[in-house]
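A.B. asks: Below is the sequence, then the predicted model.
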Amino acid sequence: MAPPAARENRDFDVVVYGATGFTGRLVAEYLHERYGDTPEFRWAVAARKPGKLRSVMSEIGVDPGRVPQFQADSDSPSTLAELAGRARVMLTTVGPYAKYGSPLVEACVRSATDYVDLAGEVQWMRRMIDAYHENAAASGARIVHACGFDSIPSDLGVLFLQQQSLEHFGEPCKQVTLLVRAMRGGASGGTVASMLNAIEEARSDRAVARTMTDPYSLNPAGERQGPDGRDQYGVAFSDELGVWTAPFVMATINMRVVRRSNALMGHPWGRDFRYSEATIAGRGPAGWLKAASMTAGLGGFVAAASSDFLRRYLVQRLLPEPGEGPDREARENGFFNMILVGTTASGKELRARVKGNRDPGYGATSRMLAESAVCLAADDLEVPGGFWTPASALGQRLIERLQQNAGMSFELE
């Protein structure tokens with residue numbers, strides 16, 4: 001489906017909102033290096049502080065005469081509405097989204113403007129879907145959450161594995177497990193802030209806590225049930241690989257996005273499709289000890305974040321603030337390596353790898369987000385307005401873009 005006529009003559013293909021933040025700056029830098037500032041790709045940047053925006057764009061060599069700069073603020077919805085009306089796609093890195101993201105989603109829905117973000121906040125995504133899905137479907141706005149490390153490697157990794165299973169075996173995998181083999185990269189300040197905010201919301205509102213723990217909370221209304229149970233919270237053994245595993249910190253969002261993809265695409269992998277994620281710790285007693293240590297560390301973080309005192313005086317002082325991040329050398333030396341193991345109904349097994357050659361939280365994430373926006377703006381996607389996932393909206397086209405441009409690979413083992 002081609003973009004609605006109302007979007008065809010917009011001033012900009014993509015507007016990057018939050019370009020002065022650490023990740024926003026990386027997105028702008030990537031767009032500048034990869035796509036330039038030619039008439040074939042028209043883009044702009046926006047942020048709350050115009051002076052800082054000019055300084056940041058000057059540092060990365062972006063010419064304001066070719067890439068316009070705008071002031072916009074979530075506290076001033078009219079500035080967001082004006083920007084959304086001029087863009088084919090709004091790309092936002094301004095989080096936590098539960099605090100600052102809702103006005104831009106509303107503006108894009110009203111303006112029939114496509115939208116991508118880095119949201120990994122289940123409770124907020126559910127609120128946006130419930131509040132605006134019908135209006136987005138009516139206006140033609142395509143809203144795609146979770147276009148960074150959470151949840152593109154998982155969502156597109158499962159899509160790739162299922163495509164290969166159908167091609168090789170003529171049937172989809174009924175069960176898929178993603179296991180993180182190795183990863184190097186620092187924690188994103190924005191991700192930490194979003195996690196802390198989500199924990200705080202869950203503590204004060206039981207409905208939020210139920211949404212965050214429900215394995216099918218992001219599925220469409222009427223389809224929020226299935227065979228998967230609670231997330232992995234402790235040490236577990238993987239029979240497929242013969243290793244001990246620990247919980248994966250991003251699994252809470254990733255698994256719900258993958259299940260939503262299956263539902264949005266009409267359950268091509270079956271209504272009994274099962275999906276899980278974990279982190280590989282190793283084999284034997286040493287592997288168990290490492291898994292136990294990793295589990296304890298994650299549990300300690302959640303416990304500290306759940307205490308007002310510890311959150312204020314310990315967690316927030318030790319972890320990076322939003323806007324902070326690793327230097328270029330650390331980003332370029334980072335990586336991630338994941339394996340997906342799928343099993344079909346007839347018992348056939350297939351394995352795939354998803355790899356990235358940059359720090360997952362920044363270097364890789366900024367490219368994933370940028371390519372998601374370009375994919376929405378430039379590619380002929382057969383998807384109407386509404387709230388989508390990366391796999392259900394961007395699918396194979398985005399896999400190709402990420403392999404060509406973003407240092408990622410999707411391949412069979």
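C.D. replies: Arrived safely, thanks for sending. Numbering: from 1, shown residues only.

A.B. asks: Walk me through the domains of this structure.
C.D. replies: For the chain, the structural domains run 5-148+363-408, 152-358, going by automatic domain parsing.

A.B. asks: Now do the end-to-end distance for the last one.
C.D. replies: End-to-end distance of domain 152-358 (C-alpha to C-alpha, to the nearest Å): 14 Å.

A.B. asks: Centre of the chain to it, how far?
C.D. replies: 12 Å (C-alpha atoms, centre = their mean, to the nearest Å).

A.B. asks: looking only at pLDDT, what's the mean for it?
C.D. replies: Domain 152-358 carries an average pLDDT of 90.

A.B. asks: so who does Leu118 touch?
C.D. replies: 23, 93, 95, 146-148, 150, 190, 365, 369 (C-beta atoms under 8 Å, 6 or more residues apart in numbering). Using the backbone N, CA and C atoms, a C-beta is placed for each residue, glycine as well.

A.B. asks: how about a cut-off of 10 Å?
C.D. replies: Leu118 makes contacts with 18, 23-24, 27, 91-95, 97, 101, 145-152, 188, 190-191, 194, 361, 365-366, 368-369, 372, as judged by C-beta atoms under 10 Å, 6 or more residues apart in numbering.

A.B. asks: which ones among these are found in strands?
C.D. replies: 91-92 (DSSP state E).

A.B. asks: For burial, what's the neighbour tally of the closest residue in space to Lys348 that isn't next to it in sequence?
C.D. replies: Distances taken as C-beta to C-beta, 6 or more residues apart in numbering put Phe169 closest to Lys348, at 5.1 Å, once the chain neighbours are dropped. Neighbourhood size, Phe169 [other C-beta atoms under 10 Å]: 16.

A.B. asks: From the contacts of Leu118, which land in helices?
C.D. replies: Applying DSSP state H to these, the entries found in helices are 23-24, 27, 97, 152, 190-191, 194, 365-366, 368-369, 372.

A.B. asks: Now flag whichever of the residues you listed is closest to Arg353.
C.D. replies: Minimum distance to Arg353 across those is 14.8 Å, recorded for Ile152 (C-beta to C-beta).

A.B. asks: quick one: the strands in the stretch 1-150 of the chain?
C.D. replies: Assigned by DSSP state E, counting those that start in this stretch, the stretch 1-150 of the chain shows strands spanning 12-17, 43-47, 69-71, 87-92, 114-117, 142-144.

A.B. asks: between these, which gets nearest to Glu332?
C.D. replies: strand 12-17 (21.2 Å).

A.B. asks: Let me know the angle separating that closest one from strand 43-47.
C.D. replies: Angle of strand 12-17 versus strand 43-47, following axes from the mean of the first three to the mean of the last three C-alpha atoms, to 10 degrees, is 20 degrees.

A.B. asks: circling back: wait, what's in contact with the residue nearest to Lys348?
C.D. replies: Contact partners of Phe169, counting by C-beta under 10 Å, 6+ apart, are 342, 344-346, 348-350.

A.B. asks: which of these count as buried?
C.D. replies: Neighbour-count burial (16 or more other C-beta atoms under 10 Å) is assigned, among those, to 342, 344, 350.

A.B. asks: residue contacts, the residue nearest to Leu264 when sequence neighbours are not counted?
C.D. replies: Excluding the flanking residues, the one nearest Leu264 by C-beta to C-beta, 6+ apart is Ser392, at 4.2 Å. Counting by C-beta under 10 Å, 6+ apart, Ser392 makes contact with 144, 155, 159, 257, 260-266, 383, 386.

A.B. asks: do Cys375 as well
C.D. replies: Each residue near Cys375 by C-beta under 10 Å, 6+ apart is listed here: 89, 114, 116, 144, 147, 381, 390, 393-395, 397-402.

A.B. asks: One more pass at 7 Å, please.
C.D. replies: Contacts for Cys375 were tallied using C-beta atoms under 7 Å, 6 or more residues apart in numbering; they are 394, 397-398, 401.

A.B. asks: what do you get for Val116?
C.D. replies: So Val116 contacts 89, 91, 144, 147, 369, 372-373, 376 (C-beta under 7 Å, 6+ apart).

A.B. asks: Thr252 too?
C.D. replies: Here Thr252 is in contact with 122, 212, 231 (C-beta under 7 Å, 6+ apart).

A.B. asks: Need the phi and psi values for it.
C.D. replies: Dihedral pair for Thr252: phi -60, psi -40, per degrees, to the nearest 10.

A.B. asks: Could you find the closest non-adjacent residue to Ala406?
C.D. replies: Arg367 (3.8 Å).

A.B. asks: Quick one: residues contacting the one you found.
C.D. replies: 30, 406-407.

A.B. asks: if I look at it, how far off is Leu289?
C.D. replies: Distance, Arg367 to Leu289, using C-beta to C-beta, to the nearest Å: 36 Å.

A.B. asks: same question, Ser78
C.D. replies: For Ser78 relative to Leu289 (C-beta to C-beta), the value is 56 Å.

A.B. asks: Which residue of these two possesses the greater neighbour count?
C.D. replies: Leu289 (14 against 11).

A.B. asks: Please identify which helix or strand holds the more buried one.
C.D. replies: If you go by DSSP states H and E, Leu289 is part of helix 284-305.

A.B. asks: got the buried residues for that helix?
C.D. replies: Buried residues in helix 284-305 (16+ other C-beta under 10 Å): 287-288, 290-291, 294-295, 298, 301, 304-305.

A.B. asks: Now do the contacts for the residue nearest the centre of the chain.
C.D. replies: For the chain, the residue sitting closest to the mean C-alpha position, by C-alpha atoms, centre = their mean, is Ala146 at 2.5 Å. Ala146 is in contact with 119-120, 253, 257, 389-390, counting by C-beta under 7 Å, 6+ apart.

A.B. asks: if I look at Asp380, how far off is Leu394?
C.D. replies: In terms of C-beta to C-beta, Asp380 sits 12 Å off from Leu394.

A.B. asks: Between the two, which has more neighbouring residues?
C.D. replies: It is Leu394, of Asp380 and Leu394, that has more neighbours when counted by other C-beta under 10 Å, with 28 against 8.

A.B. asks: Can you tell me how far the more buried one is from Gly363?
C.D. replies: Taken as C-beta to C-beta, the span from Leu394 to Gly363 is 20 Å.
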